[in-house]
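Trainee: Give me the fold of what follows.
(2 chains)
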Amino acid sequence: MRKYLFMMVFAMIMLFPIKEVSAKDLSAHSNVSAKTYETSSDEQSDILDLDVIKITAGLTKEQEVTFDKVRNISGEAKEGTLLVFKVYQDKEQTDKETYSQSVGASGLFSQLINLKEGKNYIEIRVEQNENQKVFLFEISRKKEEIKKELEEVKINNIFSEQSVIKDTVLKSLLK
Amino acid sequence: MDKGKLKTIFLGVLIFASIFQTGKLWFGNLSGRNFFYNLWVRNSFDAINYSGEPIYLLQPRRIVINFGVEGGAYNILKNTEEEFKTAKEEMTEILTAVFLKGEFVKEEDLNWKNILSQKSMLYQYSGVIPTEGLITDGNKIISKIPKFDQVLLVPNKSGGQKTTCYFIDEEYNKVYEAAVKHDSELLYNLIDKIREDASQIVYISTKQSNMNQFVNNVFLPTFNEPPVYQKMAMKDPVIEDGVINETKLEQIVNPLLINPTLKRKQQMEDGTVYYIEGSIMVKYYPNGVIEYIDQSSTIKYTRMSFIEAYQIAKGFLDKHQASLTKDDLLENSMYLSGQRKTNAGWEFYFDFRLQDIPYVFSEDIANKINMKHAVKIVVEDGKVKLYRRLTWEGELLDDECEVNVPYLEALSEVINKLYAEGAQTIEINDMYWAYYQRDFYASPEVYWMVRVGDRLFPIKASS
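Mentor: Numbers count the residues shown, from 1 in each chain, chains lettered A, B, ... in the order given. Take a look at the predicted model:
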């Protein structure tokens, strides 16, 4: 029993700072209130329904970690909707990459985003008639070397007794 | 002199004359009538005979690299690149291993998102490939996979692991999974290498992006900097200043005949030139089409598998192409763009590729030349009965054009047209870039080709 209690307390301690960091980061880098995006409940569970637009690929949650250099964000919106994508690493950054597009008869939008190493903030401004909404996402791109290190370590060895392998994996994950 | 001696002398003269005449026929100027001609100087237009397993003949129309990333990011290999050749060779090695010693895992309904979730290579073919005869001594796997139109290979990093192979039949929404213990590290590393050499164009999958307007899984290019293409012109090298250049025409026609020195030539009033030798007739139409017809009578109908017939057609085409290339003529690269089984055999269609993208001509041109593809080959009774091809050649021009119309803009244009026609639902089958020629005297330009059912909508890709 004491063992289970100990595990529960340990899990709560681990989970608490993760949640804290998430909320803090978004509010610190954006003038937009951090929202919790819900994925649609139908069988296409990877669709992110934001009411005014639906993101069908490229973003599934507000914060993500990746090794990818590019990300294509595509989705659906009403014809005539104007979308402005801003990509930056720092809120104060003056040279934010900006792309805009107007949704045509296809009712689709698609934008290719280049990701830099570290944190990438993707701001999507949606303009429909007189209404305007802004959504903020964060994609953290990890170094390619970490991926290579991880690939070198066989998954079945992670739980082995060899402390050297364990250390390599843990170090890679914490970088 | 007695009568007998006279007869002997007369007979000797006759024998000498016959030997002399025969010698003249064989070794003199009439060498074309030479009895031994066929043994050493004839054209021998036998198709190229390929050794090895027939599966080596399969040439994918497109090879798509799947980087296996969130949201999907793909690259399409250019056919002229060394990587295309490497990927194709590796594929045939792996498929041969699968059919010889692989294991069948399962058959299930096609779910693109599931199978595209890993780093992989997708080989797309034109039309459906029946597996019958692909391997001469294949194991029982071949009977469980009747046909496919695409193959997805999931390579492994280390040689000791299994390579998974998905045979996709998109038309019937089926996928057959097989696995084989085969080293595929080369493919694995090739994907990584291409991923590192970041391309200006990133392709996305319509199925992975939940684009419901597309019936099939289509790979669409996305970019922030528009790519640039060189402008092209299409010319018939046979026509020079409005007149037929007979030397060039015969360079094209002669390799198709068994004994070109024996051919009879006839030119009609409309400019059509006929060459006849034995049972072979080759016509040249001044709009830039040659037609080879083997008029020898059909003995009996022999059933041929796809790969048997394709081997004959490809061997014939490659042989002709090799002799044309030797003369620096008609060097456009070609790909199999379709096939059809008929009551008497098989029909194969090939099309040109210019600068690594397909060349498509308008319906108007198609009606004028009575051809829908650049090459048509009819195989019956184990031989080529008809071979019709364009004698047009693509020439690079100095000008360049920026392909700056994104696929969404082209798609919206087509959808607006369909809605204007009263369409209730939108079902796009395919969408790709092509050098499109509107009419005879216009140069081909890069267009978006949007296929909806049997209709093709060309939308200009540069504004």
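
Trainee: ok, now how distant is the closest residue to residue B:80 other than its chain neighbours from residue B:77?
Mentor: Spatial nearest neighbour of residue B:80, excluding adjacent residues (Cβ to Cβ, 6 or more residues apart in numbering or on different chains): residue B:356 at 5.8 Å. Bear in mind the C-beta positions are built from the backbone N, C-alpha and C, glycine included. Separation of residue B:356 from residue B:77 (Cβ to Cβ, to the nearest Å): 9 Å.

Trainee: Which one's more surrounded, these two?
Mentor: Shown here are residue B:356 and residue B:77; by other Cβ atoms under 10 Å in any protein chain shown, residue B:77 has more neighbours (22 against 15).

Trainee: My guess is the more buried one contacts residue B:88. True?
Mentor: No - in this structure, residue B:77 is not within contact of residue B:88 by Cβ atoms under 8 Å, at 9.1 Å.

Trainee: Overlap in contacts, the two.
Mentor: Common contacts of residue B:77 and residue B:88 (Cβ atoms under 8 Å, 6 or more residues apart in numbering or on different chains): residue B:63.

Trainee: Any regions of the chain where pLDDT drops low?
Mentor: Let's take chain A. Counting by pLDDT under 70, chain A contains low-confidence ranges at A:1-45, A:153-175.

Trainee: nope, chain B
Mentor: Chain B contains residues with pLDDT under 70 at B:1, B:24-52, B:138-139, B:159, B:198, B:298-301.

Trainee: Got the domain ranges for it?
Mentor: B:54-225, B:234-395 (automatic domain parsing).

Trainee: for whichever residue of the stretch 351-463 of chain B sits closest to chain A, helix, strand, or coil?
Mentor: Evaluated by Cβ to the nearest Cβ, the stretch 351-463 of chain B has residue B:412 as its residue closest to chain A, separated by 3.1 Å. At residue B:412 the chain is in helix, as set by DSSP: H, G, I helix; E, B strand; the rest coil.

Trainee: Would you enumerate the residues in contact with the nearest residue to it once chain neighbours are set aside?
Mentor: Of all residues not flanking residue B:412 in the chain, residue A:104 sits nearest, at 3.1 Å (Cβ to Cβ, 6+ apart). Applying Cβ under 8 Å, 6+ apart, we find residue A:104 in contact with A:79, B:408, B:409, B:411, B:412, B:415.

Trainee: So residue A:104, which state does it fall into?
Mentor: coil.

Trainee: How about residue B:5?
Mentor: With three-state DSSP as the criterion, residue B:5 reads helix.

Trainee: Just confirm the residue of the stretch 351-463 of chain B closest to chain A contacts residue A:102, I think it does.
Mentor: No - the pair residue B:412 and residue A:102 fails to qualify as a contact (Cβ under 8 Å) at a distance of 9.8 Å.

Trainee: between the two, which one's more packed in?
Mentor: Legend: neighbour count by other Cβ under 10 Å for residue B:412 and residue A:102, higher for residue B:412 (20 against 15).

Trainee: residues in contact with the more buried one?
Mentor: A:104, A:105, A:106.

Trainee: The residue of the stretch 351-463 of chain B closest to chain A and residue B:213: what is the separation?
Mentor: Noted for residue B:412: a distance of 10 Å to residue B:213, by Cβ to Cβ.

Trainee: who in chain B is up against chain A?
Mentor: B:67, B:69-73, B:113, B:157, B:198, B:202, B:204, B:208-211, B:213, B:222-224, B:406-409, B:411-413, B:415-416, B:419 (Cβ under 8 Å from any Cβ of the partner chain).

Trainee: Could you give the bridge partners of the residue nearest to residue B:257 when sequence neighbours are not counted?
Mentor: The spatially closest residue to residue B:257, leaving aside those adjacent along the chain, is residue B:277, at 4.7 Å (Cβ to Cβ, 6+ apart). Note on residue B:277: beta-bridge partners residue B:280, judged by DSSP bridges.

Trainee: just the helices in chain B please.
Mentor: B:3-27, B:37-40, B:82-101, B:112-115, B:141-144, B:185-196, B:246-253, B:306-326, B:363-369, B:407-420 (DSSP state H).

Trainee: what's the closest of those to residue B:429?
Mentor: helix B:407-420 (11.6 Å; Cβ to Cβ).

Trainee: Residue B:151 reaches residue B:115, doesn't it?
Mentor: No - with contact defined as Cβ under 8 Å, residue B:151 does not reach residue B:115; the gap is 11.1 Å.

Trainee: what do these two both touch?
Mentor: Residues touching both residue B:151 and residue B:115 (Cβ under 8 Å, 6+ apart): B:166, B:168.

Trainee: Which residue ranges of chain A form strands?
Mentor: Counting by DSSP state E, chain A has these strands, from start to end: A:48-49, A:53-57, A:63-66, A:70-77, A:82-88, A:97-102, A:108-114, A:118-128, A:131-141.

Trainee: Reformat the ones you listed as CSV; add distance to chain B.
Mentor: Putting those into CSV (distance: least, Cβ to the nearest Cβ, whole Å) gives the following:
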stretch, distance to chain B
strand A:48-49, 11
strand A:53-57, 4
strand A:63-66, 6
strand A:70-77, 5
strand A:82-88, 11
strand A:97-102, 7
strand A:108-114, 4
strand A:118-128, 12
strand A:131-141, 9
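
Trainee: By proximity to chain B, which residue of chain A wins?
Mentor: Chain A approaches chain B most closely through residue A:104 (3.1 Å), counting by Cβ to the nearest Cβ.

Trainee: For that residue, give its distance to residue B:362.
Mentor: 25 Å.

Trainee: Name the residues that touch stretch B:269-284?
Mentor: For stretch B:269-284, contacts defined as Cβ under 8 Å, 6+ apart pick out B:238, B:244, B:249, B:252-253, B:256-260, B:262-268, B:285-286, B:290-296, B:391.

Trainee: Count the neighbours of residue B:11 for me.
Mentor: Using other Cβ under 10 Å, residue B:11 has 10 neighbouring residues.

Trainee: again but with residue B:188, I slipped
Mentor: Neighbour number of residue B:188 under other Cβ under 10 Å is 21.

Trainee: isn't it right up against residue B:156?
Mentor: Yes - assessed by Cβ under 8 Å, residue B:188 is found in contact with residue B:156 at 6.5 Å.

Trainee: wait, what's in contact with residue B:426?
Mentor: Counting by Cβ under 8 Å, 6+ apart, residue B:426 has contacts B:213, B:415, B:418, B:452.

Trainee: May I see the buried residues of stretch B:448-463?
Mentor: For stretch B:448-463, a neighbour-count test (16 or more other Cβ atoms under 10 Å in any protein chain shown) marks B:448, B:449, B:450, B:451, B:452, B:456, B:457, B:458, B:459, B:460, B:461 as buried.

Trainee: my bad, should have said stretch B:237-246
Mentor: B:237, B:238, B:239, B:244.

Trainee: Does the first one touch residue B:395 like I think?
Mentor: No - using Cβ under 8 Å, residue B:237 is not in contact with residue B:395, being 9.5 Å away.

Trainee: tell me the domain ranges of chain A?
Mentor: Taken from automatic domain parsing, chain A resolves into A:10-141, A:144-174.

Trainee: what do residue B:412 and residue B:213 both touch?
Mentor: The contact sets of residue B:412 and residue B:213 overlap at residue A:106 (Cβ under 8 Å, 6+ apart).

Trainee: mind listing the strands for the stretch 201-350 of chain B?
Mentor: With strands called from DSSP state E, counting those that start in this stretch, the stretch 201-350 of chain B shows them at B:202-205, B:219-222, B:228-235, B:239-240, B:243-244, B:264-267, B:273-277, B:280-285, B:289-294, B:333-341, B:345-354.

Trainee: Now do the last one and strand B:333-341, the angle between them.
Mentor: Spelled out, that is strand B:345-354. Note on geometry: by axes from the mean of the first three to the mean of the last three Cα atoms, to 10 degrees, strand B:345-354 and strand B:333-341 are set 160 degrees apart in direction.

Trainee: what sits opposite the residue nearest to residue B:340 when sequence neighbours are not counted in the beta ladder?
Mentor: With Cβ to Cβ, 6+ apart as the criterion, residue B:340 has its nearest non-adjacent residue at 4.5 Å, and that residue is residue B:347. Judged by DSSP bridges, the bridge partners of residue B:347 are residue B:340, residue B:378.
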